[in-house]
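J.: have a look at this fold, sequence not included:
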């Protein structure tokens, strides 16, 4: 946790440039954080890394930042998407916040047969992702897609992207993440599914319908995996699956 | 998700026995779920597996269940504790709920130098753990310990229990979970830390103090691990670390 505010901005970044921030950010800097001219800020835009900056000028609803040195080179996240069936509002917010922290590259709300969600407000979720990226020291922000129906998503799927499907119904033998090879190579046999590009699909609280499960299991790019013997809530499964991906195939490895 | 209520109870279980439930559970069964005599319930007590049961008798504040057949044999969870610095109330609740779903065997609130928490209400957290165990189809309930200071916990630590310490400060090279061995055995080099009995230690939002980090790193049973290049919130780190433990050393392997 850093005391210096860290903001996602949209203009190009470069040493010595002056850039405007939006009115919400101006309010945050001047009213919430009570910054004065010259106080430090850090900024990133998803393209040019991270820069030190300072507050150059502000009014009640505008602020300009003067950029100093670049502090980090741009770096992406592993190419793993999160597809999840939206939940009730607070839990949907939670999934988006956590998926951003855990480095999902894109986030796609998916409407399944049993999805029982409030309306999906993509703009609101995008703001949650921006705040989470600011706090997580991430250098980009995952794009929140418009909600789409599962059959439409599958119809346009590019088969070189593995779709890892967390099958909570489970009794017909989804493959455990850790594999069945025992102590000598505990993770090996599950690992062939964990390659980029990938996507993780988490169903709704009521699970996938039998027709959806049958369809998913017929597709050559789909890999069912199990998340253990206990029943996880959907948001827990999303966090667990992304953590496992990053540890075994993503950017927690080095 | 099952429509049949599933309750944690304290009496011994056996086919044909009649057992009382507590007044909150009686209220839940008769007022919330509106069960009538003969309606099905499932029960577990952490010792005798899980049994089918049915509502035998009830008043406004009492209910008796008649036990039918045993549906599952008793089975424990892996011997992994979660030690975490309590957070603001909702996030502490969340950690306890998720740790229960993810199979932590015991949960220990730990007071560190930078812990900034509301009062830790152990009884309240124990009820959250019970509800989470009921929903997760778990057969036991993790014990919530009274909050203790980190130095006291370390002073009485049995060194055969590895203490996996999620070091979010991170720049001085905690070992990544996935190891540095590359693609052929991506998880192997991190795995020696992931053996039972184990405990996972998650610090507060402000991190451990320099003195705490130095002390932890001197102890022979402590293993610092990294949870990747982004800064995770404390509750995210707890969920991620438990998921990795279960996948690599716990009961998600078979």
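T.: Perfect, thanks for sending it. Keep in mind the model is a prediction, meaning the values are calculated, not measured.
J.: so residue A:230: helix, strand or coil?
T.: What DSSP: H, G, I helix; E, B strand; the rest coil gives for residue A:230 is coil.
J.: isn't it up against residue B:139?
T.: No: between residue A:230 and residue B:139 there is no contact under C-beta atoms under 8 Å: 9.4 Å. (C-beta placed from N, C-alpha, C; glycine too.)
J.: helices of chain A, start to end?
T.: A:23-27, A:89-101, A:122-135, A:150-155, A:210-218, A:234-248 (DSSP state H).
J.: skip the chain neighbours and tell me the closest residue to residue A:12.
T.: residue A:48 (6.5 Å; C-beta to C-beta, 6 or more residues apart in numbering or on different chains).
J.: what sits opposite the closest residue to residue A:65 other than its chain neighbours in the beta ladder?
T.: Spatially, and ignoring its direct neighbours in sequence, residue A:65 is nearest to residue A:53 (4.2 Å; C-beta to C-beta, 6+ apart). For residue A:53, the beta-bridge partners are residue A:41, residue A:67 (DSSP bridges).
J.: which of the helices of chain A is buried the deepest?
T.: Most buried of those by mean neighbour count (mean count of other C-beta atoms under 10 Å in any protein chain shown) is helix A:234-248; its value is a mean of 27.
J.: how far off centre is that helix?
T.: 11 Å (C-alpha atoms, centre = their mean, to the nearest Å).
J.: check which helices and strands that helix sits against.
T.: strand A:80-84, helix A:89-101, strand A:162-166, strand A:198-202, helix B:89-101, helix B:234-248 (3 or more C-beta pairs under 8 Å, 6 or more residues apart in numbering or on different chains; DSSP states H and E).
J.: would you format those as TSV with distance to residue A:44 and mean pLDDT included?
T.: Formatted as TSV, the helices and strands packed on helix A:234-248 follow (distance: least, C-beta to C-beta, whole Å; pLDDT from 0 to 100):
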stretch	distance to residue A:44	mean pLDDT
strand A:80-84	20	97
helix A:89-101	13	93
strand A:162-166	29	90
strand A:198-202	25	95
helix B:89-101	26	93
helix B:234-248	20	93
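J.: got JSON lines for these, with distance to residue A:127 too?
T.: Converted to JSON lines, those look like this (distance: least, C-beta to C-beta, whole Å):
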{"stretch": "strand A:80-84", "distance to residue A:127": "17"}
{"stretch": "helix A:89-101", "distance to residue A:127": "10"}
{"stretch": "strand A:162-166", "distance to residue A:127": "27"}
{"stretch": "strand A:198-202", "distance to residue A:127": "22"}
{"stretch": "helix B:89-101", "distance to residue A:127": "20"}
{"stretch": "helix B:234-248", "distance to residue A:127": "19"}
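J.: list the contacts for the closest residue to residue A:209 other than its chain neighbours?
T.: In space, not counting the residues next to it along the chain, residue A:209 is nearest to residue A:113; the distance is 4.3 Å by C-beta to C-beta, 6+ apart. Applying C-beta atoms under 8 Å, 6 or more residues apart in numbering or on different chains to residue A:113 gives the contacts A:150, A:208-209, A:211-212.
J.: which of those residues sits closest to residue B:13?
T.: Proximity of the contacts of residue A:113 to residue B:13 (C-beta to C-beta) peaks at residue A:208, which lies at 33.0 Å.
J.: please list all residues in contact with the closest one.
T.: Residue A:208 is in contact with A:112-114, A:167, A:169, A:216, counting by C-beta under 8 Å, 6+ apart.
J.: how about a cut-off of 10 Å?
T.: The neighbours of residue A:208, taking C-beta atoms under 10 Å, 6 or more residues apart in numbering or on different chains as the test, are A:85, A:112-114, A:150, A:165-169, A:201, A:214-216.
J.: any weak-confidence spans in the stretch 51-200 of chain A?
T.: The model of the stretch 51-200 of chain A has pLDDT under 70 over residues A:118, A:168-195.
J.: at 80 instead, please
T.: Across the stretch 51-200 of chain A, the ranges flagged by pLDDT under 80 are A:117-118, A:167-196.
J.: need the contact list for the residue lying closest to residue A:49 once chain neighbours are set aside.
T.: In this structure, residue A:49 finds its nearest non-sequential neighbour in residue A:74, 4.3 Å apart by C-beta to C-beta, 6+ apart. By C-beta under 10 Å, 6+ apart, residue A:74 lies in contact with A:13, A:44-50, A:139-140.
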